[in-house]
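S.K.: Provided below for reference: sequence and predicted model.
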Amino acid sequence: DAGVTQSPTHLIKTRGQQVTLRCSPKSGHDTVSWYQQALGQGPQFIFQYYEEEERQRGNFPDRFSGHQFPNYSSELNVNALLLGDSALYLCASSFDAGQGESYTFGSGTRLTVV
Amino acid sequence: EDQVTQSPEALRLQEGESSSLNCSYTVSGLRGLFWYRQDPGKGPEFLFTLYSAGEEKEKERLKATLTKKESFLHITAPKPEDSATYLCAVHSDAGKSTFGDGTTLTVKP
């Protein structure tokens, strides 16, 4: 049973560019959450998608947007990249959004903005 | 605003030397408190969920407990393979999750 799959694993972008990260949830999961993890810090909640809609959002600017597809996979888009956007981006899937279930995390996408 | 504070930031133990990690939290309606283990370059791996004060859960050398203000992760007779960063997170009734910055545990043989 495949867990959460994220692509790409590593990415280097130039300041001002746009990036799209992808996530396939664990089989049987219908909810996808995205997190940003800076070096030495805990993951920061970006947003959560359930039934193809953004259900919850953390304190991130509108440059961060997302999408969930009918097969529950998800994309995270970041526009006008800043140096401070360099981080590990984690996708987590769960079943039945908002029910306090544990999340299954992917291994993340390491984004470097130069 | 929900808040999670973990202490200590780093902990070095000798193999077999038991200790505890602390997670203090404030949350507007706790739906669940989670413990995760994270190895370098990997995503967090789920360990436990605790839902109410007084609850305890165990897995191998790890035991998690919960009060109304904090949670402890007790590590009994740790081994070098227990070395990792341990993350605590709270999930609120509003549907948001807040993580602490973790405790990095190093167990020396």
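M.R.: Structure's in. What do you need? Every value quoted in this text rests on a predicted model; they were computed, and no experiment measured them.

S.K.: so who does residue 64 touch?
M.R.: Reading this off chain A. A:46-47, A:76-78 (Cβ atoms under 8 Å, 6 or more residues apart in numbering or on different chains). (Each C-beta comes from the backbone N, C-alpha and C, glycine too.)

S.K.: that's the wrong chain, I meant chain B
M.R.: Taking Cβ under 8 Å, 6+ apart as the criterion, residue B:64 is in contact with B:35, B:47-48, B:50, B:56-58, B:71-74.

S.K.: flag the least confident of the residues you listed.
M.R.: Here the lowest pLDDT out of those sits on residue B:48, with 92.

S.K.: was I right to think that one contacts residue B:59?
M.R.: Yes. Using Cβ atoms under 8 Å, residue B:48 is in contact with residue B:59, at 6.9 Å.

S.K.: so, low pLDDT: which residues of chain B?
M.R.: Along chain B, no part satisfies pLDDT under 70.

S.K.: residues of it that sit close to chain A?
M.R.: Residues of chain B lying close to chain A (Cβ under 8 Å from any Cβ of the partner chain) are B:4, B:6, B:31-32, B:34, B:36, B:41-46, B:49, B:51, B:87, B:89, B:91, B:94-102.

S.K.: if you go by neighbour count, which of those residues are buried?
M.R.: Listed as buried from the residues of chain B next to chain A are B:4, B:6, B:31-32, B:34, B:36, B:42-44, B:49, B:87, B:89, B:91, B:95-102; burial here means 16 or more other Cβ atoms under 10 Å in any protein chain shown.
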